[in-house]
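Colleague: Sequence below, structure please.
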Amino acid sequence: MKELLRTNDPTVIAFAKALLGAEGIDCFEFDVHMSVLEGSIGIMPRRLMLIDRDIFRARAILRDNDIELPD
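Modeller: Prediction:
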């Protein structure tokens, strides 16, 4: 698995998951329940993970929809 996206904004994660799901790309969200440890203040970023073969297509889909990705 590779990391596609890391953000503190849950709306970006939800939008990215919806876009990828519509294209038939499976993804998994890591660190969803970290807010229990941090006290729900939102400092721990969530990560969106994909299998290696889908990473190129997923990056193109998110870039086309103005979602900023790490280099």
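
Colleague: In contact with the spatially most central residue of the chain, which residues?
Modeller: The chain has residue 48 as the residue nearest its centroid, 3.0 Å off, counting by Cα atoms, centre = their mean. Neighbour list for residue 48: 3, 4, 5, 6, 13, 16, 17, 27, 28, 29, 30 [criterion: Cβ atoms under 8 Å, 6 or more residues apart in numbering]. For the C-beta atoms, the positions are set from N, CA and C on the backbone; glycine is no exception.

Colleague: Turn the residues you listed into JSON lines, including distance to residue 61, neighbour count and secondary structure.
Modeller: Converted to JSON lines, the contacts of residue 48 look like this (distance: Cβ to Cβ, whole Å; neighbours: other Cβ atoms under 10 Å; DSSP: H, G, I helix; E, B strand; the rest coil):
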{"residue": "3", "distance to residue 61": "16", "neighbour count": "13", "secondary structure": "strand"}
{"residue": "4", "distance to residue 61": "10", "neighbour count": "22", "secondary structure": "strand"}
{"residue": "5", "distance to residue 61": "11", "neighbour count": "24", "secondary structure": "strand"}
{"residue": "6", "distance to residue 61": "17", "neighbour count": "16", "secondary structure": "strand"}
{"residue": "13", "distance to residue 61": "14", "neighbour count": "21", "secondary structure": "helix"}
{"residue": "16", "distance to residue 61": "9", "neighbour count": "22", "secondary structure": "helix"}
{"residue": "17", "distance to residue 61": "11", "neighbour count": "17", "secondary structure": "helix"}
{"residue": "27", "distance to residue 61": "11", "neighbour count": "19", "secondary structure": "coil"}
{"residue": "28", "distance to residue 61": "16", "neighbour count": "12", "secondary structure": "strand"}
{"residue": "29", "distance to residue 61": "16", "neighbour count": "15", "secondary structure": "strand"}
{"residue": "30", "distance to residue 61": "19", "neighbour count": "14", "secondary structure": "strand"}
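
Colleague: nearest to residue 57, of the residues you listed?
Modeller: Nearest to residue 57 among those is residue 4, at 10.6 Å by Cβ to Cβ.

Colleague: Hmm, that closest one is touching residue 59, no?
Modeller: Yes: between residue 4 and residue 59 there is a contact under Cβ atoms under 8 Å: 6.9 Å.
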